[in-house]
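Chemist: For reference, the sequence and a predicted model appear below.
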Amino acid sequence: MYQVSKSVSFCYGHRLINYPGKCRHLHGHNARAVITLESDVLDERGMVKDFTDLKQLVWGWLDREIDHTLLLHRDDPVLPVLEGAGERVKVVDFNPTAEHIARMIFEYVAGEGYPVTEVTVWETETSRASWRVG
């Protein structure tokens, strides 16, 4: 089985609702996502997928959907204020944890036909969350 991974960096803000710790406050992260693809066959170029194609796919989506965006749960009471102030906000149906962001990226890449098996989001240098097949 062949395996390739591509790392992409992005910035986002969020806060967690119904959470007792510091992450209940608005804050941001300089994150990194590692997207892993697997295949038992290579294409005509001898690749699982071209790194540049994967980077462009993932970065294009991240740039539109998450980079420099506040990710907030639809029930977050601060949402109307931030939207009213013209802030870039993405409303989600779940607490915007690193686990959920990994799954969002995974589902997008898989939906584009790439043989993705795992996405890991490094929220900080020492904290990561993954979503994978199986």
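Modeler: Looks like it came in fine.
Chemist: Assign Pro77 to helix, strand or coil.
Modeler: With DSSP: H, G, I helix; E, B strand; the rest coil as the basis, Pro77 sits in coil.
Chemist: That one: neighbour count?
Modeler: Counted with other CB atoms under 10 Å, the neighbours of Pro77 add up to 9. C-beta: built from backbone N, CA, C; applies to glycine.
Chemist: Against His14, how distant is the residue of the chain most remote from its centre?
Modeler: Centroid-distance maximum for the chain: Glu44 at 29.6 Å, with CA atoms, centre = their mean. Here the criterion is CB to CB, to the nearest Å. By it, Glu44 lies 41 Å from His14.
Chemist: Identify all contacting residues around stretch 122-134.
Modeler: 29, 31-34, 36, 97-99, 101-103, 105-106, 116-121 (CB atoms under 8 Å, 6 or more residues apart in numbering).
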